[in-house]
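Asker: Here's a sequence, model it:
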Amino acid sequence: MDIIIVLGHDVNKDGTLPREARLRVRKGVEAFKGGRYSYMLMTGRYPVRKEYIPTKTEAAAMRDFASSLGVPKERILVEDRSRDTMGNAYFSRVLLGPRKLGRIAVVTSDYHVKKARFIFSKVYGKDCQMRFIGAKVIYPKPKMAKTRTVENYLLKLTKDFFKGVRDSDTKAVRHLLYTEHQVYSRNPRIGGAKRKELEKLERLRIMQYKA
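Answerer: Numbering: from 1, shown residues only. This is a model prediction of the structure:
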């Protein structure tokens, strides 16, 4: 299976997509129409600690937008359990299940490619031919600088979080998410220092969305 995976980036209360999410979908649709990929997979529920519950998940909203741009709905898969990039990678892999994977293109914002590459490499490993496509995001210089600073720090914390996990070891990733991740684990078995670190990661992620 040759597939394009588009990572979510928020969704408005009415189920429409904010500008950056639309940029990601447009980039994914552009790659799909190039003819090398047979499916698109939209991944994302909505960010942690939203002030509202949107009428659609990120993935459903992205599917509908891609469909409006000419992609047949039967060619679009939806993963709507994930709340962050770690979840995007893990739950998309679970959804794809035993399918034989060929070429995979992961589409995200250009400033987010480094973190996405690290996480998806941990989850998918060498199971497929993977490339990353960055949708060009242009913000005012102060906001762009803040976004890149936050992203670099999040990448550092993410590498620490995955320390000791081998590439493509999905069992280890699942164990990590369901025992230590603040979002996916009901009762994280982590010490005070790591808990504070993950809480800081979550606050930074929220700041990034509001930047």
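Asker: Report all helices and strands that the longest helix seen in the chain contacts.
Answerer: Longest helix in the chain, counting residues (DSSP state H): helix 141-161. Applying 3 or more C-beta pairs under 8 Å, 6 or more residues apart in numbering; DSSP states H and E, we find helix 141-161 packed against helix 85-96, helix 113-124, helix 192-210. (Glycine included, C-beta is placed from N, CA and C.)
Asker: any idea of the angle the helix or strand following it forms with helix 141-161?
Answerer: Downstream of helix 141-161, the next assigned helix or strand under DSSP states H and E is helix 170-180. Inter-element angle recorded for helix 170-180 and helix 141-161: 110 degrees (by axes from the mean of the first three to the mean of the last three C-alpha atoms, to 10 degrees).
Asker: Point out the other helices and strands that helix 170-180 packs with.
Answerer: Checking 3+ C-beta pairs under 8 Å, 6+ apart, helix 170-180 ends up next to helix 85-96, helix 113-124.
Asker: contacts for whatever helix or strand comes next after the last one?
Answerer: Per DSSP H and E, helix 113-124 leads on to strand 129-135 as the next helix or strand towards the C-terminus. Under the criterion C-beta atoms under 8 Å, 6 or more residues apart in numbering, residues 20, 23-24, 26-28, 31, 102-113, 116-117, 120-121, 124 lie in contact with strand 129-135.
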